[in-house]
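S.K.: Sequence first, then the predicted structure:
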Amino acid sequence: MDRQPVSTTDYQDYQRYQDYQDGNALAGPLSEIFTVDVTSASGECVTCGLVGPVASLRLYHRAPGLVARCPSCDEVVLRLVRTPRGTWLDLRGMVFLRLPRTE
Ligand SMILES: [Zn+2]
């Protein structure tokens, strides 16, 4: 059987799918912005409608910032980038973020 050469793109895709942490790893970075533990919050994915805890997101940390992807459709749900001038939080991949009440 002939083996097909593995293209660089295929290998990069493979690495991308293997190289992530679960959303619990967002607890530290997001604690700089929110006073509650956001990993216990729930959100809805804009693309596929999956509702689930932030802790269930797939977190990729080898980007210029942190990139969290939906575990169902793999679209970007959240981006967090820290620069010398500030912290940028992009939630455009999320319909809502429901934070638990603390009282
Ligand atoms: Zn999704």
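M.R.: That came in fine, so what should we check first?
S.K.: now Leu80, what's its secondary structure?
M.R.: strand (DSSP: H, G, I helix; E, B strand; the rest coil).
S.K.: Quick check: closest non-adjacent residue to it.
M.R.: Excluding the flanking residues, the one nearest Leu80 by Cβ to Cβ, 6 or more residues apart in numbering is Leu66, at 4.4 Å. For every residue, glycine as well, the C-beta is placed using N, CA and C.
S.K.: Surely the one you found touches Arg79?
M.R.: Yes: look at Leu66 against Arg79 with Cβ atoms under 8 Å: they come within range, at 7.0 Å.
S.K.: quick revisit: which residues touch the residue nearest to Leu80?
M.R.: 26, 29, 59-60, 78-81 (Cβ atoms under 8 Å, 6 or more residues apart in numbering).
S.K.: Leu57 now?
M.R.: 22-23, 26, 68-71, 77-78.
S.K.: can you tell me the helix or strand for the residue most central in space within the chain?
M.R.: Centroid-nearest residue in the chain: Ala68, 0.9 Å away (criterion: Cα atoms, centre = their mean). Element membership of Ala68, judged by DSSP states H and E, is strand 66-69.
S.K.: Help me see whether that strand makes contact with the ion, please.
M.R.: No: shown here: strand 66-69 not in contact with the ion (Cβ under 5 Å from the ion), separated by at least 8.2 Å.
S.K.: Please apply the same query to stretch 41-60.
M.R.: Yes: applying Cβ under 5 Å from the ion, one finds stretch 41-60 touching the ion at 45, 47-48, 50.
S.K.: Those residues of the chain touching the ion, which are they?
M.R.: 45, 47-48, 50, 70, 72-73.
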